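Colleague: sequence and predicted structure, then a few things I'm wondering about:
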2 protein chains.
Amino acid sequence: MLSEFDLIKQYFQRRRPGRAVLGIGDDCALLAPAPGRQVAISSDMLVEDRHFFAGADPRMLGHKSLAVNLSDLAAMGARPVAFTLALALPKADPAWLEGFSSGLFALADAFECELIGGDTTKGPLNICITVFGELSPGHALRRDAARAGDDIWISGTLGDARLALAGYWKEQALDPAQHEQAALRMHMPTPRVALGLALAAQPIAHAALDISDGLVGDLGHILAASRVGATLDVDALPAGPVLARQPLALRRRFTAAGGDDYELCFTAPVAQREAVLAAGRESGTAVTRVGRIEAEAGLRLVDADGKALDLGLKGWDHFTTA
Amino acid sequence: MLSEFDLIKQYFQRRRPGRAVLGIGDDCALLAPAPGRQVAISSDMLVEDRHFFAGADPRMLGHKSLAVNLSDLAAMGARPVAFTLALALPKADPAWLEGFSSGLFALADAFECELIGGDTTKGPLNICITVFGELSPGHALRRDAARAGDDIWISGTLGDARLALAGYWKEQALDPAQHEQAALRMHMPTPRVALGLALAAQPIAHAALDISDGLVGDLGHILAASRVGATLDVDALPAGPVLARQPLALRRRFTAAGGDDYELCFTAPVAQREAVLAAGRESGTAVTRVGRIEAEAGLRLVDADGKALDLGLKGWDHFTTA
């Protein structure tokens, strides 16, 4: 039977040189941040039957577990450096470990983000990743930095992940090819690291976050932290390619409050419109202007004609939802 | 019902100023390491029925969850700075959260270690803490730094945690007062941070680690990483006050391979004996010399007369043990 140490050695310890002073195998890993740079840190825990289905494809799960953490770095404008992985497994299953580690490392390598340590134990499947990035002081895209008059922008498209879930839950009839396409957005989100770095470099943007619990709820965090309000043009929200073929009411609901999007929502001064579009082009990421930050508190949803919309939406909460 | 955000705000978000540039509430926390210092990082995951009993006292569990992580910093000679907490909970139980957070923060405050972020979700009880410390380049107490001729030292005492487990498992009859005293060592370990800092400051010690899976197994990691061997005087191992009253065979077994000790095992040159004893005095931690690192590979256990002992021991492994 595969021991804990063999498991780490076989699937997670790699010989390639990294940026860490010391990686897997000691009591602690050691990082030496570049002089004057700050360390950005985020931690996400993924639980079976909560964040992913029992029996989920291990390769896609390895991708997603790291992707949601890299998305937090992207939302801060930080450059990925390293991560730790703590893993509780019901059993040491070589096929699962092979798939999970290959999905994890494919994404880690794409972002030059090194696995430097962690923990493995027996227990109900639980994946906890803590990720480390670097940025320059004063350049972080914080939630409390939105200002009245800022444009609100969205990266990529929204709602296909939520549509895939509706397909799994039989809320919504989808043909298999459409469901599969939408499901890829749910299982294989793309962290918008290059866009986050471009927005933070000048900096171009004021506030940013990544959309994990639905745009309306997550934008609410920016508004609360920045003590501002906003008007959001729901019909301007860019729907995913599968959702775009669905009826208007569903498009509005799933773009405005889908969840699992892992796109960036950010605010930037009107004077930076050209710079935002350039950052999108340079990072190969679509960016869409969807509303305006205002001094008046509250979030006002409007349609394409500027008329008030009440979609009866709320964000996802792990203890009060479902 | 308590929402995820209320739960964080009520039990884990505190208003006191800390050393972090940015704490709980954004996509990432931000740390600004002191110029030229390295960041030491360790992550431990605690699972119900594996690392603690179902129904465990939440205050002691809060203490232990952070203590085992601080113990890793101690073993590296790093000064605690901050930590993240990812928590999966079956339900948002105010009494449990009150106890857990108070035990956690009592220890965090004692070591000036700030909670800077994390995650909460619904799921089988799982506690994943990642801890951050600082140290000067070249001062880390690494596992690969033991040299032939070094003394082997142990902090504090060993085996009482394992004796408490034997009491819970009815392996060993213990009177209730004795069991309670031993159980405190199991549930409320003291991370040897001050000793670790003293040993790393000069540096006095060569290699170090914290004993979590039993001394013999853990010392084996130092020997393997350093490509050396050792002779360990089993009768010199300092037994905990409860274990010290037990028969010799049990004392030998539980000091040499108990588990859950969270004491430091470290090696230091013979010329540093006085300095090690002074570091022990200054940090208020007992230190005991228990053996010698040798060029010849393998770990040789001997009794007080220097005669070979075979205790038939092995370390704890989460996937092959029990």
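Modeller: Noted; the coordinates are in hand.
Colleague: okay, CA-based contacts and neighbour counts for the rest of this
Modeller: Will do.
Colleague: residues in the stretch 101-250 of chain A within reach of chain B, list them.
Modeller: With C-alpha under 8 Å from any C-alpha of the partner chain as the criterion, the stretch 101-250 of chain A comes near chain B at residues A:117-124, A:126, A:128, A:130, A:142-143, A:209-210.
Colleague: among these, who's most crowded?
Modeller: A:C128 (32 neighbours; other C-alpha atoms under 10 Å in any protein chain shown).
Colleague: what is the residue of the stretch 151-300 of chain A found nearest chain B paired to in the beta sheet?
Modeller: Nearest residue of the stretch 151-300 of chain A to chain B, counting by C-alpha to the nearest C-alpha: A:L209, 6.3 Å away. Under DSSP bridges, the beta-bridge partners of A:L209 are A:C265.
Colleague: double-check it against A:F266; I have them as touching.
Modeller: Yes: A:L209 is within contact range of A:F266, at 6.5 Å (criterion: C-alpha atoms under 8 Å).
Colleague: what sits against the residue of the stretch 151-300 of chain A closest to chain B?
Modeller: A:72, A:75-76, A:141-143, A:218-219, A:222, A:264-266, B:26-27 (C-alpha atoms under 8 Å, 6 or more residues apart in numbering or on different chains).
Colleague: now do A:P90
Modeller: For A:P90, the contacting residues are A:122-125, by C-alpha under 8 Å, 6+ apart.
Colleague: same list, these, but as JSON lines with secondary structure and pLDDT please.
Modeller: Formatted as JSON lines, the contacts of A:P90 follow (DSSP: H, G, I helix; E, B strand; the rest coil; pLDDT from 0 to 100):
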{"residue": "A:K122", "secondary structure": "strand", "pLDDT": "94"}
{"residue": "A:G123", "secondary structure": "coil", "pLDDT": "94"}
{"residue": "A:P124", "secondary structure": "coil", "pLDDT": "95"}
{"residue": "A:L125", "secondary structure": "coil", "pLDDT": "96"}
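Colleague: helix or strand for A:C128, just tell me which one.
Modeller: strand A:126-135 (DSSP states H and E).
Colleague: so which residues of the stretch 51-200 of chain A form helices?
Modeller: Secondary structure of the stretch 51-200 of chain A (DSSP state H, counting those that start in this stretch): helices at A:58-76, A:94-110, A:160-168, A:176-187, A:193-201.
Colleague: chain center to the second one: distance?
Modeller: How far helix A:94-110 lies from its chain's middle: 19 Å, per C-alpha atoms, centre = their mean, to the nearest Å.
Colleague: quick one: low-confidence ranges for the stretch 201-322 of chain A?
Modeller: A:314-322 (pLDDT under 70).
Colleague: tell me the pLDDT of A:F12.
Modeller: Here the pLDDT value assigned to A:F12 is 85.
Colleague: distance of it from A:D109?
Modeller: 13 Å (C-alpha to C-alpha, to the nearest Å).
Colleague: got the contact list for A:G196?
Modeller: A:74-78.
Colleague: so which two of those residues are the farthest from each other?
Modeller: Pairwise distances across the contacts of A:G196 peak at 7.7 Å for A:A75 and A:A78 (criterion: C-alpha to C-alpha).
Colleague: mutual contacts of these two, please.
Modeller: A:193, A:196.
Colleague: what would stretch A:223-230 look like as CSV? C-alpha coordinates only.
Modeller: Taking C-alpha atoms only, stretch A:223-230 is exported to CSV below (Å, rounded to 0.1, in the frame of the first residue of the first chain):
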residue,chain,number,x,y,z
LEU,A,223,-19.6,48.6,-2.7
ALA,A,224,-19.6,47.9,1.0
ALA,A,225,-15.8,48.1,1.4
SER,A,226,-15.6,51.3,-0.7
ARG,A,227,-18.7,52.9,0.8
VAL,A,228,-20.2,53.6,-2.6
GLY,A,229,-23.2,52.4,-4.7
ALA,A,230,-23.5,51.4,-8.3
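Colleague: related to what we said a few turns ago, please identify the most buried of the helices of the stretch 51-200 of chain A.
Modeller: Mean neighbours per residue, mean count of other C-alpha atoms under 10 Å in any protein chain shown, is largest over the helices of the stretch 51-200 of chain A for helix A:58-76, with a mean of 27.
Colleague: quick one: mean pLDDT for that helix?
Modeller: Mean per-residue pLDDT for helix A:58-76: 97.
Colleague: ok and that helix relative to helix A:193-201, angle-wise?
Modeller: For helix A:58-76 against helix A:193-201, the angle by axes from the mean of the first three to the mean of the last three C-alpha atoms, to 10 degrees is 10 degrees.
Colleague: please enumerate the helices of the stretch 201-322 of chain A.
Modeller: Using DSSP H, counting those that start in this stretch, the helices of the stretch 201-322 of chain A run over A:215-226, A:248-257, A:273-282.
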